[in-house]
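*Asks:* A structural model of the following input is requested.
(chains A, B, C and D)
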2 protein chains.
Amino acid sequence: MIEPPGRRERKKAATRQKIADTALHLFLERGYDAVGIRDVAAEADVAVTTVFAHFASKEALVFERDQDFEQRLTRAVTDRPPHEPLIPALHREVQAQVRHCTAEGSAPVRRMIEGSPALQEYEESMSLRHAQALAAALAADPHLSRSATACRATARFAIDAYALGCRADDPGATVDEVFRMIEAAWEATAP
Amino acid sequence: MIEPPGRRERKKAATRQKIADTALHLFLERGYDAVGIRDVAAEADVAVTTVFAHFASKEALVFERDQDFEQRLTRAVTDRPPHEPLIPALHREVQAQVRHCTAEGSAPVRRMIEGSPALQEYEESMSLRHAQALAAALAADPHLSRSATACRATARFAIDAYALGCRADDPGATVDEVFRMIEAAWEATAP
DNA sequence: AAGATAGCCCTAACCGTTAGCTTTTCACAA
DNA sequence: TTGTGAAAAGCTAACGGTTAGGGCTATCTT
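*Replies:* Here you go, the predicted structure:
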């Protein structure tokens, strides 16, 4: 969040942001399917190829904060105080992320995602990547001597908790309930 | 698996099968990305529009047995002997499906899927549908008085077990281990 | 036998995405 | 300052999955 890197990088970041903002604005205004990449490019006043230089696909325009999510999740594991138990740390982070994605302002975006199979599919595949990153973080933790399978399963379960929480009527209670299950599953793998 | 329905339906089924067979054959021979829908249509001697009349997308050509999987899974729950505990029934079925998908003959197909992001993404989104169907079956079972959240979570966990099993070095042991975790998670939700 | 309809065909296009190449802008050293 | 290399952005044209529109024939129904 610091400023100084050269003008070039600042301009690049600005272009990226302008594209993302324009896209989201158009999508919410006219609907995801009704807006083409060419529309986004024209409105953001850039070339179509520039859009794809910053975002790998049309769907990626909607999930701009993707990387953040993955980082926060893995850091919740790797940066937790030594000897702090794993599951509560994970629980807390997932709870926070769910709150973020069910917050007031995010409602129209969520509605848009639910309304587009392409976006849902993309979100799923993101989840898979996140689960893999999380599994790697778990496997690398020296305090947790669990099998690779246990790590992978727990990672997927945690992502499931997030996914269920985002779509639930009572997100907070849902995440709590699922994490009670995850806690039990994790304990069952104790060496 | 019975024959008699009229000629029209039989011809339709034959066309569908011919398209699927041709497609799989070409994909394995030349690679998924190197074969276009137009190639498949030409080789199967049908129009491109006919391909899409039978399959919703190019990826769907690879997962022809999709519906079977979902049916078997939900039936493992709904058709199990009364009072038979849920988790072992689910465990047995997932184990069987994993064996089926890691069998000798399926290796080239799996390699093809692993090699194509588009196919993996599609498989993920199928999994989501299967998890939803399974969750509905769990929620509908009168013998299991669990919360909707517990049903949804357990369904996703079971699908996770399948996904992990298909990709593991030792599929059988992996599924067993994950189901030990699921059993514990399920017990933790007992009313 | 006549009408209704499902299955299939063809053409033309839409849209996301990429390749190939040129132009502009910036960073940095001579 | 200026020259140079590289990153960023642009343009055009195309590729490949997918769909709309409209027509033809075989099958089903009555």
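
*Asks:* chain A: helices as residue ranges?
*Replies:* A:7-30, A:37-44, A:48-54, A:66-78, A:86-101, A:107-114, A:117-140, A:148-167, A:171-187 (DSSP state H).

*Asks:* what sits up against the fourth one?
*Replies:* With contacts defined as CB atoms under 8 Å, 6 or more residues apart in numbering or on different chains, helix A:66-78 is touched by A:60, A:86, A:89-90, A:92-94, A:97, A:126, A:129-130, A:133-134, A:136-138, A:140-141, A:158. All C-beta atoms are positioned from the backbone trio N, CA, C, and that covers glycine.

*Asks:* now those: which count as buried?
*Replies:* A:60, A:86, A:89-90, A:93-94, A:97, A:126, A:130, A:133-134, A:137-138, A:158 (16 or more other CB atoms under 10 Å in any protein chain shown).

*Asks:* out of these, which comes closest to residue A:173?
*Replies:* The shortest approach to residue A:173 among the buried ones among the contacts of helix A:66-78 belongs to residue A:94, at 13.3 Å (CB to CB).

*Asks:* roughly how far does the closest one sit from DNA strand C?
*Replies:* 29 Å (CB to the nearest atom of the strand, to the nearest Å).

*Asks:* got the contact list for that residue?
*Replies:* Per CB under 8 Å, 6+ apart, neighbours of residue A:94: A:73, A:158, A:161, A:162, A:165, A:175, A:179.

*Asks:* dump those into TSV; add distance to residue A:12 as well.
*Replies:* Listed next are the contacts of residue A:94 as TSV, based on distance: CB to CB, whole Å:
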residue	distance to residue A:12
A:73	27
A:158	34
A:161	36
A:162	31
A:165	34
A:175	37
A:179	40
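
*Asks:* tell me which parts of chain A are close to DNA strand C?
*Replies:* With CB under 7 Å from any atom of the strand as the criterion, chain A meets DNA strand C at residues A:6-9, A:11, A:35-38, A:48-49, A:52, A:56-59.

*Asks:* ok, which of those residues also contact chain B?
*Replies:* Contacts with chain B within the residues of chain A next to DNA strand C, counted by CB under 8 Å from any CB of the partner chain: none were found.

*Asks:* only whichever of the residues you listed are buried, select them in ChimeraX.
*Replies:* Only the buried entries of these go into this ChimeraX selection, using 16+ other CB under 10 Å:
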select /A:35,58,59
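
*Asks:* how much space between residue A:81 and residue A:143?
*Replies:* Applying CB to CB, to the nearest Å, the value for residue A:81 to residue A:143 is 11 Å.

*Asks:* who touches both of these two?
*Replies:* Residues touching both residue A:81 and residue A:143 (CB under 8 Å, 6+ apart): there are none.
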